[in-house]
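Engineer: how would this look folded up:
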Amino acid sequence: MPAAKPCPLQSRDAADRNFDERGADVWTLLLDAETAAVVQTSQSKYKDALVGIRVLGHFLCDFWKNRHNLSIGGLRPYCQLICEINSCEATTGPTASPQEKAAGYQRLSDLGLWYRNHLMRVFRSNTGPVPGASASDHPSRPSLDAVRDAIVEKIKEADKTKKNVKQTALARDGFRCVVTGLHDDNLVTEFPDDFPPLVPTARTQGAHIFSESAQDGNKEVYAA
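Structural biologist: Next up is the predicted model:
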């Protein structure tokens, strides 16, 4: 059965598409990419190229619509998505060759499919049987999640070595710097499939995390 695809980008309400200048430029790029993907997948059973572009477009609209909602980061998700779309370097100018445009649109589609696979699949319901093994042992579990689980165990042990402090901080903050939003370059290199294509990276520094004994109510066991 063919995979379902998101609604066309032009179906969004005009208010959702009233972007600032940066968003308007990206929106035009996505509309061009959507048109190309419609032609490309017109005779195909699966519409992944089209799905990827539309996922980006709808996320862009939703992030802009909720830009005043500080509980989801305000403008930060919107700006981050624009940076990631621009990093795909899709060539759309009048001098671009058809091959250059196709390559740029493919990078955009790959980015959208990454978001679909890593964010939207969280809300799917699984009607199959519950695996007998634990979640961390399941063969389909992403490798980066296994790393996160191991780090959580280290947090419980309250190990205060410099290396483990940095690992726990990275796990807490989504494996990125909380100041710049850049991902840890070592982890992106080690687990490239778990991050968006061409995601910006940097060498990160660790932030101190208090041990559990310092946060519980029993202050008698905590040495100041």
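Engineer: Could you use CA atoms for every contact and neighbour count after this?
Structural biologist: Noted.
Engineer: pLDDT score assigned to A4?
Structural biologist: On the pLDDT scale, A4 is placed at 52.
Engineer: Repeat that for S213.
Structural biologist: 45.
Engineer: same deal with the one 10 residues further on?
Structural biologist: Per-residue confidence (pLDDT) for A223: 40.
Engineer: can you list contacts of stretch 184-200?
Structural biologist: 84, 87-88, 107, 110-111, 114-115, 118, 142-144, 175-177, 182-183, 201-204 (CA atoms under 8 Å, 6 or more residues apart in numbering).
Engineer: Return a PyMOL selection command for the buried portion of those.
Structural biologist: To isolate in PyMOL the members of the contacts of stretch 184-200 that are buried, counting by 16 or more other CA atoms under 10 Å, one can use:
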select buried, resi 84+88+107+110+111+114+115+144+175+176+177+182+183+201+204
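Engineer: Next step: the contacts of stretch 184-200 restricted to helices.
Structural biologist: Residues of these located in helices (DSSP state H): E84, S87, R107, D110, L111, W114, Y115, H118, S143, L144.
Engineer: Which of the residues you listed sits closest to H58?
Structural biologist: Minimum distance to H58 across the ones in helices among the contacts of stretch 184-200 is 11.4 Å, recorded for Y115 (CA to CA).
Engineer: From F59, how far out is the closest one?
Structural biologist: According to CA to CA, to the nearest Å, Y115 stands 9 Å off from F59.
Engineer: low-confidence ranges in the chain?
Structural biologist: 1-6, 89-94, 120-166, 168, 178-179, 206-224 (pLDDT under 70).
Engineer: swap the cut-off to 50 and go again
Structural biologist: 1-3, 125-127, 129-138, 141, 209-224 (pLDDT under 50).
Engineer: how about the nearest residue to L60 once chain neighbours are set aside, what does it touch?
Structural biologist: Once flanking residues are discounted, L60 sits nearest to Y78: 6.3 Å by CA to CA, 6 or more residues apart in numbering. Contact analysis of Y78 by CA under 8 Å, 6+ apart lists L60, F63, W64, R67.
Engineer: give me the element Y78 is part of.
Structural biologist: Using DSSP states H and E, Y78 sits in helix 76-87.
Engineer: In the helix or strand harbouring L29, which residues are buried?
Structural biologist: L29 is part of helix 21-40, with elements assigned from DSSP H and E. Within helix 21-40, the residues that count as buried by 16+ other CA under 10 Å are G23, V26, W27, L29, L30, L31, A33, E34, A36, A37, V38.
Engineer: can you tell me which of these lies nearest to P8?
Structural biologist: E34 (8.3 Å).
Engineer: Now do the contacts for the closest one.
Structural biologist: So E34 contacts L50, I53, R54 (CA under 8 Å, 6+ apart).
Engineer: and which of the residues you listed is nearest to P8?
Structural biologist: R54 (6.9 Å).
Engineer: gap between that closest one and K101?
Structural biologist: On the measure of CA to CA, R54 and K101 end up 17 Å apart.
Engineer: Of the two, which one has the most company?
Structural biologist: Ranked by neighbour count (other CA atoms under 10 Å), R54 and K101 place R54 first, with 26 against 18.
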